[in-house]
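Novice: task: produce atomic coordinates for the following.
(2 chains)
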Protein chains: 2
Amino acid sequence: MLDYAALNALAAVVREGSFERAARALNVTPSAVSQRVKLLEERTGGALLVRGQPCVATEAGQQLCRHIERVGMLEHELREALPALGMGGGNGEGAERVTVRVAVNADSLATWFMAAAAAFAKQEASALLDLTVDDQDHTAERLRSGAVLAAVTALAQPVAGCNSEALGAMHYVAAASPEFVERYFARGVGARTLAHAPSLVFDRKDRLQARWVRRICHRSIETPRHWLPSAQGFVEAARAGMGWGMLPASMAADAMRTGALVELVPGSVLQVPLYWQQARAAPQLLERLKAAVRAAAGSGAHALR
Amino acid sequence: MLDYAALNALAAVVREGSFERAARALNVTPSAVSQRVKLLEERTGGALLVRGQPCVATEAGQQLCRHIERVGMLEHELREALPALGMGGGNGEGAERVTVRVAVNADSLATWFMAAAAAFAKQEASALLDLTVDDQDHTAERLRSGAVLAAVTALAQPVAGCNSEALGAMHYVAAASPEFVERYFARGVGARTLAHAPSLVFDRKDRLQARWVRRICHRSIETPRHWLPSAQGFVEAARAGMGWGMLPASMAADAMRTGALVELVPGSVLQVPLYWQQARAAPQLLERLKAAVRAAAGSGAHALR
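Specialist: The predicted structure is shown next:
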């Protein structure tokens, strides 16, 4: 049997980022945490943590963290089935809480995903969510590395050990303010004009603008770029005439209705299908999160289509 | 004289994240980019890049990038003064564009900062903004490392080589939905109840909740935490009853007026003074950005106080 107190200490350091904070969370001394982690490292014969600010798990460390997380969820289920084990009251008091780590893309988080998170958290008083944001083309990597147990991702193909389920597609419109369009695209939207009009790009991983340009021009164009890592900021920047960008259609809808934003090329919506991937043979808790995710993805003003 | 074509290649790789994309941006072959960077590395006698996805500058690489960025801005100024050098028309066509890298905290970006960015971008048609988001306690590190030329930061003391200027304070309220307060804080807000009520924390660097708890309880309490790295999501999650969190007062104002959110402890606002720090002897362009930042920080519904 593995040393679960030690595994728990390791997971706490990774979760909290430092030995001191992990110690506080576990209500032990930092040196006790340090000893437990060292013990584990001696047994596994390798470093489990990269000590730094914050402390980060090595690949082996991640595997152990993933294991303890799963065990925690199974324990959570057991306690539900055997209340005598002392799960605590419905108000969350004294409850053993379990944290579910999920990677989600920024645009989902800014639109439909919060409804899923809120519904799940309300229903599962003893579960906490640990959300990590990344580009939809990169959330699957976090699943692969074991950093999260589930992800909203653009990758349809199941990651090893995971199930994949289609959620629907996020629709993106290439939009800008009318003044911006008049200033930069009076002669039409093409390779020449796109090479000079400032575009909005979320971060280095964001390829949506490039993908849309390739579709319109049938080749890549280097567009001038503002880097702006904020979903809400994107819409604001487009409205303010900073640049054109690929905006989630549901976030741009109001401004497009009033004419504050216009589509660069009418009807050129880019669809990004999204998938829910989660560890196979997942605990019930994750299944219930999936149900909340499925419901939120399919309803409301920001529903996937 | 330094080899500026090579420096430019290095900066492009760091900006774009890969040799291929840098090559496309510079309109040369990837092997030309690679050769130029290698040449620089031979001259400086050390690695300037950590090759990976994305490629990242080493400390020496960052210093060179910072230098080329400053030279770019000086050149930009020269071209303004000597239009014969061929700066291009007012519509940005053919303009040599300069990118200004700035670190800003997420809550500023979600509230007052976008107005500054938009005003600056509108006024400076040939300048692009590269915004990096980090916690207000950590943006100064990015300034120190040379990754950015200016930052919105909670650090008052000037970073070496920088000037610091007070912008005003961000006000945070500890708030939650009325149902949440009734469920978890019916017996008052104190160490016992805070230890059981789920809190909202932005990420591992976010210490605001912990700071407020220390102020209320005169000691640290381990609160259960949802991790939720989205400024907008924070307010939504609090409204939906997921947890309590430190919300920017200006973002919570509407919901507090209607009663959808209530303060946990009336009058316990946490003030976080923010500063604008930028490289000393900065080019005019950065001074004009500072003016836009100062104006935006001081006006509108999200003004700092």
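
Novice: which residue is nearest the centroid of chain A?
Specialist: A:Val104 (1.8 Å; C-alpha atoms, centre = their mean).

Novice: what's the helix or strand for that one?
Specialist: Following DSSP states H and E, the helix or strand that holds A:Val104 is strand A:98-105.

Novice: circling back: is the residue nearest to the centre of chain A in a bridge, and if so with what?
Specialist: Note on A:Val104: beta-bridge partners by DSSP bridges are A:Val133.

Novice: mind checking pLDDT for it?
Specialist: Residue-level confidence at A:Val104 comes out at 96, pLDDT.

Novice: need the contact list for it.
Specialist: A:Val104 sits next to A:Phe113, A:Leu131, A:Thr132, A:Val133, A:Asp134, A:Thr139, A:Ala151, A:Val152 when contact means C-beta atoms under 8 Å, 6 or more residues apart in numbering or on different chains. C-betas here are computed from N, CA, C, even on glycine.

Novice: list the buried residues for the lengthiest helix in chain A?
Specialist: Ranked by residue count, the top helix of chain A under DSSP state H comes out as helix A:59-81. Judged by neighbour count (16 or more other C-beta atoms under 10 Å in any protein chain shown), helix A:59-81 contains these buried residues: A:60-62, A:64-66, A:68-73, A:75-76, A:79.

Novice: does chain B have contacts with that helix?
Specialist: No: judged by C-beta under 8 Å from any C-beta of the partner chain, helix A:59-81 makes no contact with chain B; its nearest approach is 13.7 Å.

Novice: and that helix, C-alpha only, in PDB?
Specialist: Taking Å, rounded to 0.1, in the frame of the first residue of the first chain, the C-alpha atoms of helix A:59-81 are listed here in PDB:
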ATOM      1  CA  GLU A  59       6.100  14.100 -14.500                       C
ATOM      2  CA  ALA A  60       6.300  11.400 -11.900                       C
ATOM      3  CA  GLY A  61       4.900  13.800  -9.300                       C
ATOM      4  CA  GLN A  62       2.000  14.600 -11.600                       C
ATOM      5  CA  GLN A  63       1.100  10.900 -11.900                       C
ATOM      6  CA  LEU A  64       1.100  10.500  -8.200                       C
ATOM      7  CA  CYS A  65      -1.100  13.700  -7.800                       C
ATOM      8  CA  ARG A  66      -3.500  12.300 -10.400                       C
ATOM      9  CA  HIS A  67      -3.700   9.100  -8.500                       C
ATOM     10  CA  ILE A  68      -4.400  10.700  -5.100                       C
ATOM     11  CA  GLU A  69      -7.000  12.900  -6.800                       C
ATOM     12  CA  ARG A  70      -8.800   9.900  -8.100                       C
ATOM     13  CA  VAL A  71      -8.600   8.100  -4.800                       C
ATOM     14  CA  GLY A  72     -10.000  11.200  -3.200                       C
ATOM     15  CA  MET A  73     -13.000  11.100  -5.500                       C
ATOM     16  CA  LEU A  74     -13.600   7.400  -4.800                       C
ATOM     17  CA  GLU A  75     -13.400   8.100  -1.100                       C
ATOM     18  CA  HIS A  76     -15.900  10.900  -1.600                       C
ATOM     19  CA  GLU A  77     -18.300   8.400  -3.200                       C
ATOM     20  CA  LEU A  78     -17.800   5.900  -0.500                       C
ATOM     21  CA  ARG A  79     -18.600   8.500   2.100                       C
ATOM     22  CA  GLU A  80     -21.800   9.300   0.300                       C
ATOM     23  CA  ALA A  81     -22.800   5.700   0.300                       C
END
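
Novice: contacts for that helix?
Specialist: Under the contact criterion C-beta under 8 Å, 6+ apart, helix A:59-81 has outside partners A:2, A:4, A:7-8, A:10-11, A:14, A:40, A:44, A:46-49, A:57, A:85-87, A:96, A:98-101, A:126-127, A:145-147, A:149, A:279, A:282-286.

Novice: equivalent analysis for stretch A:244-262, please.
Specialist: A:107, A:110-112, A:170-178, A:180-181, A:184, A:197-201, A:208-209, A:212, A:231-232, A:234-235, A:237-239, A:263-264, A:269-270, A:301-303.

Novice: what residue in the stretch 51-200 of chain A comes nearest to chain B?
Specialist: Closest contact between the stretch 51-200 of chain A and chain B, by C-beta to the nearest C-beta, is at A:Ala118 (3.4 Å).

Novice: start to end distance for stretch A:128-141?
Specialist: Stretch A:128-141 has an end-to-end distance of 22 Å (criterion: C-alpha to C-alpha, to the nearest Å).

Novice: buried residues in the lengthiest strand in chain A?
Specialist: In chain A, assigned by DSSP state E, the strand with the most residues is strand A:162-176. Neighbour counts over strand A:162-176 (16+ other C-beta under 10 Å) mark A:Cys162, A:Asn163, A:Ser164, A:Leu167, A:Gly168, A:Met170, A:His171, A:Tyr172, A:Val173, A:Ala174, A:Ala175, A:Ala176 as buried.

Novice: what sits closest to the residue of the stretch 51-200 of chain A closest to chain B if chain neighbours are left out?
Specialist: B:Ala240 (3.4 Å; C-beta to C-beta, 6 or more residues apart in numbering or on different chains).

Novice: show me what contacts that neighbour?
Specialist: B:Ala240 touches A:Met114, A:Ala115, A:Ala118, A:Ala121, A:Lys122, B:Ser177, counting by C-beta under 8 Å, 6+ apart.

Novice: follow-up on the earlier one: next, give me the two most distant ones among the buried residues of strand A:162-176.
Specialist: A:Asn163 and A:Ala176 (39.5 Å; C-beta to C-beta).

Novice: if you rank the contacts of A:Val104 by neighbours, which is first?
Specialist: Tallying neighbours with other C-beta atoms under 10 Å in any protein chain shown puts A:Ala151 at the head of these, with 30 neighbours.

Novice: how much space separates that one from A:Pro283?
Specialist: Distance of A:Ala151 to A:Pro283, given as C-beta to C-beta, to the nearest Å: 16 Å.

Novice: among the contacts of stretch A:244-262, name the buried ones.
Specialist: A:107, A:110-112, A:170-177, A:180-181, A:184, A:197-201, A:208-209, A:212, A:231-232, A:234-235, A:237-239, A:263-264, A:269-270, A:302.

Novice: show me those that map onto helices.
Specialist: A:107, A:110, A:180-181, A:184, A:208-209, A:212, A:231-232, A:234-235, A:237-239.

Novice: show me what stretch A:149-165 is in contact with.
Specialist: Counting by C-beta under 8 Å, 6+ apart, A:66, A:69-70, A:100-105, A:108, A:113, A:136-137, A:139-140, A:142-144, A:166-167, A:272-280, A:282, A:286, A:289-290, A:293-294 sit against stretch A:149-165.

Novice: selection in PyMOL covering whichever of those residues are buried, please.
Specialist: In PyMOL, this line selects whichever of these come out buried by 16+ other C-beta under 10 Å:
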select buried, chain A and resi 66+69+70+100+101+102+103+104+105+108+113+136+137+139+140+142+143+144+167+272+273+274+275+276+277+278+279+282+286+289+290+293+294
